[in-house]
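> got a predicted model here, sequence first, then my questions.
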Amino acid sequence: MTRHFLYIIYAIAITVTLAIAIPSCHRNNNVDGIELVFSADTVMFDTVFTTITSSTRSFTVRNTTGSPVEVDIALAGGKQSYYSINVDGVPGTEFRNVEIPAHDSIFVFVKVNINPTDQNLPYLVTDSIMFYQNKHTQSVQLVACGQDAHFILPEQSGGSMRYRIIAHEHEHVHWTNDKPWVIYGWAVVDSLGKLTIDPGTNVYVHNGGGIWVYRYGNIHINGTLDEPVTITGDRLESFFANDYTQWNALWINEGSADNIIENAIISNASYGVHLESLEEYTGNKTIINNSVIHNTQNFGIRAEGYNLEMNNCQVSNNGQYSLALMVGNFVLNHVTVANYFTQSSRKVPAVAVTNNFDKTEAIGDEVYTVTYIGDANATFNNCIIYGTLDNEFGVGQKNGASLSYTLNNCIVKRDSIQNEHFINCTKANPKFISTYGQNYNIEESSPAVDAGMVGLGITTDILGRPRNGIPDIGAYEYYPIPEEKVARWR
């Protein structure tokens, strides 16, 4: 692949804000805008609790000015919180007109009460302590391990990116399915490190976090049909089922070997999978088989300067592009892209293939938008690309690099498919069983039935069912089975 660009690693700003107004608290009028200094911006109870217990931490609040400061302090969760606080020896949930003398500080003690066997308890128990000075508000975040699980907590509590290196250089780490894995911040696979996730493993990611496989790192997600690997947000209450920004992304850079995602269900993220090549081009790729990436606020898959292969996959219900394939080599076989996102008005097609992409980069104090250009080659075989827009397949090309794309035996919702790029393709409705219920199996009368090209070597569908004779188009082979038994992601 011709390369016309140089990558610069950019920082991700992760902010966890739990600013809940406490209307009963009085705001002082004598001070407005003084910045209090906290010994920690996050109080973290990183003990993995195994029995009913309580634990106490403390931090200081310092007034660095030459005048006394009065501040109102409140536990955001109030009396319903799993936490309790004590301000300079006085317990409570709200404190008014607390004076901090000039060039002095006060202590705040925090206790958390945890029953790790309580199935109603979140995996991560969070809250915040609010500090009010008139219209000026500051906060300290509270984080504790809840239900019994493997917890990945950041190695540092401040800064622009909270992370923990889970696999160091030449280290091979296994995540087993004995207990769930819960990530706060970013779980990082370092260069030449490797993470293997075993079948049936459930991974829950807290707000703003994700898994980052750094350049030359490697990840193998080894789900099976009966025991898929799930990666989703850590808020399991039904209220959060339609929250599609619970976590950031599975972010993978170019690897020392092929990255493998097999039988995974990835959901409720801002970006499902973000594939990004950095400075060096290794020629390796990410291979995604028999997997579902759905319910994302932005992209399903965003690939920048990358090699990607997908087989028997569903990418669905994405707020922007389901697939943004920008500079690289892309081969997709039996992929169903179904974008019926309803939470906002989507203005971009479900699939885009381009030989360029823009990236915002900071150089010193200046922020620039840089356009990268490189060859793009995309092949779609037996794929469905459908959704709510009139045109669900778009291309973009700039001078300086080539753009090649071919769709063979595909169902594509597009204004025109009458050119050399679309071979044996149709615009006909694929007749999914239920777009509202996100069941993208096909009906018996679907134009996808017995319409695929042969010779791809893919003998089963995403559900492990045989592809008989001439294969059907898309991830799902038609079978007369009740719909509640065949939705892959359920």
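Noted; the coordinates are in hand. Numbering: from 1, shown residues only.
> and Gly255, that's in a helix?
No: Gly255 sits outside any helix when classified using DSSP: H, G, I helix; E, B strand; the rest coil, being coil.
> can you tell me how far it sits from Arg57?
Distance, Gly255 to Arg57, by Cβ to Cβ, to the nearest Å: 39 Å. (C-beta placed from N, C-alpha, C; glycine too.)
> the two: which is more packed in?
A direct count of neighbours by other Cβ atoms under 10 Å for Gly255 and Arg57 places Gly255 higher, at 23 against 17.
> the more buried one reaches Tyr214, doesn't it?
No: using Cβ atoms under 8 Å, Gly255 is not in contact with Tyr214, being 9.5 Å away.
> bridged to the residue nearest to Leu308 when sequence neighbours are not counted, which residues?
Using Cβ to Cβ, 6 or more residues apart in numbering and skipping the chain neighbours, the partner closest in space to Leu308 is Phe330 (5.0 Å). Beta bridges link Phe330 to Leu308, Ala378 when assigned by DSSP bridges.
> who are the contact partners of Phe330?
By Cβ atoms under 8 Å, 6 or more residues apart in numbering, the contact set of Phe330 is 303, 307-309, 353, 376-379.
> state the distance from Glu41 to Ser128.
Quick fix: residue 41 is Asp, not Glu. With distances taken as Cβ to Cβ, Asp41 is found 10 Å from Ser128.
> scratch that, Trp212
Trp212 is 26 Å from Ser128, by Cβ to Cβ.
> same thing with Val351?
41 Å.
> more crowded one of the two?
Using other Cβ under 10 Å as the criterion, Val351 and Ser128 rank with Val351 on top: 32 against 23.
> could you list the low-pLDDT ranges of the chain?
For the chain, the stretches with pLDDT under 70 are 1-33, 47-53, 156-160, 236-241, 243, 279-280, 481-490.
> helices along that one, start to end?
Read by DSSP state H, the chain holds no helices at all.
> let me see the domain layout of it.
37-145, 150-485 (automatic domain parsing).
> winner for burial among the ones you listed?
Comparing the domains of the chain by mean neighbour count (mean count of other Cβ atoms under 10 Å), domain 150-485 ranks first with a mean of 20.
> mind checking how far it is from the chain centre?
Mean-position distance between domain 150-485 and its chain equals 11 Å (Cα atoms, centre = their mean, to the nearest Å).
> what sits against Asn242?
By Cβ under 8 Å, 6+ apart, the contact set of Asn242 is 295, 343.
> over to Pro101?
Applying Cβ under 8 Å, 6+ apart, the residues contacting Pro101 are 63, 68.
> and Ala451, by the same measure?
Contacts of Ala451 (Cβ under 8 Å, 6+ apart): 409, 426, 470, 472-473.
> output those residues in CSV; the columns should cover distance to Phe151.
What follows is the contacts of Ala451, written out as CSV (distance: Cβ to Cβ, whole Å):
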residue, distance to Phe151
Asn409, 47
Thr426, 50
Ile470, 49
Asp472, 43
Ile473, 43
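> I'd guessed Phe95 sits against Gly89; true?
No: with contact defined as Cβ under 8 Å, Phe95 does not reach Gly89; the gap is 11.4 Å.
> quick one, strands of the stretch 351-490 of the chain?
351-354, 356-363, 366-373, 376-381, 384-387, 393-396, 403-408, 411-412, 422-423, 432-434, 439-442 (DSSP state E, counting those that start in this stretch).
> distance to Asn317 for those - can I get that in a markdown table?
Below are the strands of the stretch 351-490 of the chain laid out as a markdown table (distance: least, Cβ to Cβ, whole Å):
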| stretch | distance to Asn317 |
| --- | --- |
| strand 351-354 | 14 |
| strand 356-363 | 23 |
| strand 366-373 | 29 |
| strand 376-381 | 20 |
| strand 384-387 | 9 |
| strand 393-396 | 18 |
| strand 403-408 | 22 |
| strand 411-412 | 18 |
| strand 422-423 | 25 |
| strand 432-434 | 12 |
| strand 439-442 | 10 |
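> these: which one's closest to Glu155?
strand 356-363 (23.8 Å; Cβ to Cβ).
> re earlier: tell me which of the strands of the stretch 351-490 of the chain lies nearest to Gly208.
That would be strand 356-363 among these, by Cβ to Cβ, at 18.4 Å.
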